[in-house]
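[1] generate coordinates for the sequence data below:
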Amino acid sequence: MRKIFNEETIVSGGSASVAQGAAKGAKTNRVSMFNRVISSSRKLYENQVYQNADTKFRCINRSISKMGANSVEFWTEFNKRKSEILDRDSFKRRCSEEDLNPEIVAEHLIMEGNVTVNKVLSEGFVSLDNTHRTFTQKIKAYKVEIMD
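    Numbering: from 1, shown residues only. Take a look at the predicted model:
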């Protein structure tokens with residue numbers, strides 16, 4: 001059995017919305033729950049006065065709750081994607097050149113979305129216009145505990 005422990009999620013102002021289904025008979029683009037939560041979180045975060053790692057974490061948790069996502073599944077997928085980014089030696093080398101912690105930067109990149117992740121992995125940090133310099137604190141303030 002897994003349990004996730006975290007603090008209460010409180011985010012001021014702003015709201016995030018999720019696109020509604022397409023009209024009957026139209027083709028729909030299926031977006032994973034993980035990507036929907038990230039998109040919702042990013043929109044919510046953009047409306048926050050205080051923008052830091054703690055606020056990102058709270059926005060993610062609020063979106064998980066709002067969308068009825070399974071938090072264990074979400075954070076498991078988050079860790080999987082983080083590992084995929086960290087598996088790239090070129091990414092770690094770029095972080096080292098910029099004097100950044102690769103694990104922290106990977107967490108923030110996930111919040112930026114797939115397009116940005118892919119751009120950074122292929123082109124480097126130039127596509128971020130120096131926002132990567134603010135990626136200095138861990139987003140994750142939770143722990144997953146496996147219970148016997």
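[2] closest to the centroid, which residue in the protein?
    By C-alpha atoms, centre = their mean, the chain has its centre lying nearest to Met111, at 2.8 Å.
[3] quick one: pLDDT of the nearest residue to it once chain neighbours are set aside?
    Nearest non-adjacent residue to Met111, counting by C-beta to C-beta, 6 or more residues apart in numbering: Lys56, 5.6 Å away. The way it works is simple: take the backbone N, C-alpha and C, and place the C-beta from them, glycine included. Lys56 is assigned a predicted lDDT (pLDDT) of 92.
[4] which of the residues in the host helix or strand of the residue nearest to the centre of the chain are buried?
    For Met111, the host element (DSSP states H and E) is helix 102-112. By 16 or more other C-beta atoms under 10 Å, the buried positions in helix 102-112 come out as 102, 104-112.
[5] after it, next one along is what?
    Counting by DSSP H and E, the next helix or strand C-terminal to helix 102-112 is helix 114-123.
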